[in-house]
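In: Okay, structure incoming, though there's no sequence with it:
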């Protein structure tokens, strides 16, 4: 745990320094580079950290020798690249860390809105350390995250290409194609009702979901629908934490009348979808993994929940700030608890210690 808390502490000090008014832009960007390097290094140079580390370790040589354009070919491409650099599974893990972490930091910095808070949230909402467990899906989530502007600007063809590219890391990313029709610039009661009904349908149709995933994966790396992973319920605290951004929005929705924009509503819809998917999949840890594709967009959405208020809303500022502190505290507790409860993540070892 010391490594994880050290990362959070170092990032906090870096960002306190970079957010000072007299900090030069070059120095500020240097702190972001340092953040990207540190997050990538801790992720890429880990050893036996993550629930599926041994499985990926043994799969390295399979990725290297069995290339197929129809079965997550990006994994083989990364393995081939690894073999040219240094033929070892450790190189594959490091390159996957680069692919997973660096583009996220670049996207956050390019957006140039609440950069420091967004990077901290990338840790606290779990996206970073989840990538230690679900390597392939986390890489796919990064690709989808990089396609956010295509959703916001309503560019369907480009979003299709992004989903296809993400599917080369994990085929389940293709299920994000319909998200284009949900992540637009409006939200109404009809949509909320449809999403709630969809959540109930999914919640009581797990067998159909397993069948769909089996069809997409074409028999590769399937999970037994009667296994513990498939049937074990998700911790209720995780579900509540993932629903918090939407809860805050509905509690203070009057405040957000002043921040109406395609950006805000696109992210709101993604966060709402994330909450619905978490509720729908709470009965299966395996199915809940798909939420990594929607949860990552909260690094953009959560900072928008706490805007500068117009004079008529100033009286709500104390309540909004209290909500902000509660949300951040919940994410911190969730982050610490989620790391601590897993024996595969609580003890961190460097690859140099093997």
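Out: Alright, I've got the coordinates. Here the structure is a predicted model, which means the values were calculated and not measured. Numbers count the residues shown, from 1 in each chain.
In: buried ones in stretch 347-354?
Out: The neighbour-count check on stretch 347-354 (16 or more other Cβ atoms under 10 Å) flags 348, 351 as buried. Where C-beta positions appear, they are placed from N, C-alpha and C, glycine not excepted.
In: Let me see the mean pLDDT of that stretch.
Out: With pLDDT averaged residue by residue, stretch 347-354 scores 89.
In: what does stretch 89-108 give?
Out: 96.
In: which other residues reach it?
Out: 32, 35-36, 39-40, 43-47, 56-57, 60, 63, 78-79, 81-83, 85, 115, 118-119, 122, 127-128, 131, 135, 138-139, 142-143, 145-146, 148, 296, 299-300, 351 (Cβ atoms under 8 Å, 6 or more residues apart in numbering).
In: rerun that using 7 Å as the cut-off
Out: With contacts defined as Cβ atoms under 7 Å, 6 or more residues apart in numbering, stretch 89-108 is touched by 32, 35-36, 39-40, 43-45, 57, 60, 78-79, 81-82, 85, 115, 118-119, 122, 131, 135, 138-139, 142, 145-146, 299, 351.
In: got the buried residues for that stretch?
Out: 89-101, 103-105, 107-108.
In: How far does that stretch sit from its chain's centre?
Out: 13 Å (Cα atoms, centre = their mean, to the nearest Å).
In: Stretch 127-143 too?
Out: 7 Å.
In: Over to stretch 241-253?
Out: Worked out by Cα atoms, centre = their mean, stretch 241-253 lies 18 Å from the chain centre.
In: likewise stretch 286-295?
Out: Distance of stretch 286-295 from the chain centroid (Cα atoms, centre = their mean) equals 8 Å.
In: ditto for stretch 139-153
Out: On Cα atoms, centre = their mean, the centre of stretch 139-153 falls 11 Å from the chain's centre.
In: and the helix or strand containing residue 250, which residues are buried?
Out: Applying DSSP states H and E as the criterion places residue 250 in helix 236-251. For helix 236-251, the neighbour count (16+ other Cβ under 10 Å) marks 238, 239, 241, 242, 243, 244, 245, 246, 248, 249 as buried.
In: which of those lies closest to residue 192?
Out: Nearest to residue 192 among the buried residues of helix 236-251: residue 246, at 9.8 Å, using Cβ to Cβ.
In: For that closest one, which non-adjacent residue is closest in space?
Out: Nearest non-adjacent residue to residue 246, counting by Cβ to Cβ, 6 or more residues apart in numbering: residue 275, 4.6 Å away.
In: Next up, the contacts around the one you found.
Out: Residues in contact with residue 275, defined by Cβ under 7 Å, 6+ apart, are 242, 243, 246.
In: tell me the SS of it?
Out: Secondary structure, DSSP: H, G, I helix; E, B strand; the rest coil: residue 275 is helix.
In: what distance separates stretch 125-141 from the centre of its chain?
Out: Put simply, stretch 125-141 sits 6 Å off its chain's centre (Cα atoms, centre = their mean).
In: any idea of the mean pLDDT in that stretch?
Out: Computed over stretch 125-141, the average pLDDT equals 93.
In: residues making contact with that stretch?
Out: With Cβ under 7 Å, 6+ apart as the criterion, stretch 125-141 contacts 39, 43, 46, 49-52, 56, 72, 75, 96, 99-100, 122, 166-167, 169-170, 172-173, 289, 292-293, 295-296, 298-299, 331, 335, 338-339, 345.
In: Would you show me how to pick out the buried ones of the contacts of stretch 89-108 in PyMOL?
Out: Of those, the buried ones go into a single PyMOL selection, burial set by 16+ other Cβ under 10 Å:
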select buried, resi 32+35+36+39+40+43+44+45+57+60+78+79+82+115+118+119+122+131+135+138+139+142+145+146+299+351
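In: Among the contacts of stretch 89-108, which are located in helices?
Out: Among the contacts of stretch 89-108, DSSP state H puts 32, 35-36, 39-40, 43-44, 57, 60, 78-79, 81-82, 85, 115, 118-119, 122, 135, 138-139, 142, 145-146, 299 in helices.
In: Isn't residue 295 up against residue 274?
Out: Yes. With contact defined as Cβ atoms under 7 Å, residue 295 reaches residue 274; the gap is 5.2 Å.
In: residues shared between the contacts of the two?
Out: With Cβ under 7 Å, 6+ apart as the test, residue 295 and residue 274 both reach residue 242.
In: Next, the buried residues of stretch 325-336.
Out: Those would be 327, 328, 331, 334, 335, for stretch 325-336 by 16+ other Cβ under 10 Å.
In: Hmm, I typed the wrong one, I wanted stretch 179-197.
Out: So stretch 179-197, judged by 16+ other Cβ under 10 Å, has buried residues 179, 180, 182, 183, 187, 195.
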